[in-house]
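> Please find the sequence and the predicted model below.
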Amino acid sequence: MNKVILLFVLLITSVNLAFSGIDIDTVKFIESKKEYNVEMYYPKIRNESSEGARGFNKAIAGFVEGNRKDFLKDIKSMDYKPDMPSEYFVNYDVSYSDDHFVSVVLYTYYFTGGAHGSTIATTFNYDIDYNQNLKLSDLFEGNYLNIISDYCIKEIMKDDAYADADWVKEGASAKEENFKAFNLNEEGLLIHFQQYQVLPYAAGMPDVLIPQNLLKGVVRKDGLLMR
């Protein structure tokens, strides 16, 4: 009989951050079968007394669980290889949190055969007060895309071993879609680039931190950063 391990644990310890005004727990889900392995760790605001906290938790859980269901559906049509089970892993990092705003990145890893798996960075920048997941255009205005693009291209081109000018300029051009994976922290705006977006697979997934002072002039007057 195949051994099946199914574990769902809400960890008691919270993420302790110096700037944190809320407690964030880690939800852990593990499922192992002969055909696949699933391991998920994702954030959950402990106190769900506000609509925004409940909205954040629902958005995160829905994203992770939705991807898990899609993964399981996809592998049903695949040929099973005993020495190469499929994999779906999720982990996360909290970039910033306080009573009004939470910024996290979830890293989702898939392996369904081939030379290597794939990792995707997905970010949630959640306005707790307004129960809304924010886009860059909710935070900045004016020529912010050009500022972000110019800085990212300059920083990525410092990678002499892998950087190709045309590749970098296309993947980091001044389009909102190129910077949809972003976080805010106490130092500035952190942009996450996906695999192959600006550099080859071997170079990993570069992050670029844009300092606060470069963005002060393009902050939306009616946005979260001006409250």
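Nice, thanks for sending it over.
> switch to C-alpha atoms for all contacts and neighbour counts from now on
Fine.
> got the contact list for S95?
102-105, 183-185 (Cα atoms under 8 Å, 6 or more residues apart in numbering).
> By neighbours, which of these wins?
V102 (26 neighbours; other Cα atoms under 10 Å).
> Skip ahead from the host helix or strand of that one and say which helix or strand is next.
Using DSSP states H and E, V102 sits in strand 101-111. Downstream of strand 101-111, the first helix or strand assigned by DSSP H and E is strand 118-127.
> Check which residues of that next one are buried.
119-127 (16 or more other Cα atoms under 10 Å).
> and those residues as a markdown table, adding distance to A163 and pLDDT?
Shown next, in a markdown table, are the buried residues of strand 118-127 (distance: Cα to Cα, whole Å; pLDDT from 0 to 100):
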| residue | distance to A163 | pLDDT |
| --- | --- | --- |
| T119 | 20 | 97 |
| I120 | 20 | 97 |
| A121 | 20 | 98 |
| T122 | 23 | 98 |
| T123 | 25 | 98 |
| F124 | 28 | 98 |
| N125 | 29 | 98 |
| Y126 | 33 | 98 |
| D127 | 35 | 97 |
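> Let me know the closest of these to V218.
Nearest to V218 among these is N125, at 18.1 Å by Cα to Cα.
> Can you name the secondary structure element that comes next after the helix-or-strand element of the chain with minimal mean pLDDT?
Scoring the helices and strands of the chain by mean pLDDT, DSSP states H and E places strand 5-14 at the bottom, with a mean of 31. Once strand 5-14 ends, the next helix or strand along the chain (criterion: DSSP H and E) is strand 24-32.
> What is that following strand packed up against?
strand 5-14, strand 36-45 (3 or more Cα pairs under 8 Å, 6 or more residues apart in numbering; DSSP states H and E).
> Next, the angle strand 24-32 makes with the last one.
What it means is strand 36-45. 170 degrees (axes from the mean of the first three to the mean of the last three Cα atoms, to 10 degrees).
> Strand partners (parallel or antiparallel) of strand 36-45?
strand 24-32 (antiparallel), strand 86-97 (parallel) (DSSP bridges).
> Could you list the buried residues of the last one?
Of all the residues in strand 86-97, those buried under the rule 16+ other Cα under 10 Å are 86-92, 94-97.
> Could you do the shortest one as well?
Neighbour counts using 16+ other Cα under 10 Å place 24-29, 32 of strand 24-32 among the buried residues.
> Save those as TSV, and put in pLDDT too.
Shown next, in TSV, are the buried residues of strand 24-32 (pLDDT from 0 to 100):
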residue	pLDDT
I24	96
D25	96
T26	97
V27	97
K28	97
F29	97
S32	93
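> Dump those residues to JSON lines, plus distance to V219.
Formatted as JSON lines, the buried residues of strand 24-32 follow (distance: Cα to Cα, whole Å):
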{"residue": "I24", "distance to V219": "28"}
{"residue": "D25", "distance to V219": "31"}
{"residue": "T26", "distance to V219": "32"}
{"residue": "V27", "distance to V219": "34"}
{"residue": "K28", "distance to V219": "36"}
{"residue": "F29", "distance to V219": "38"}
{"residue": "S32", "distance to V219": "46"}
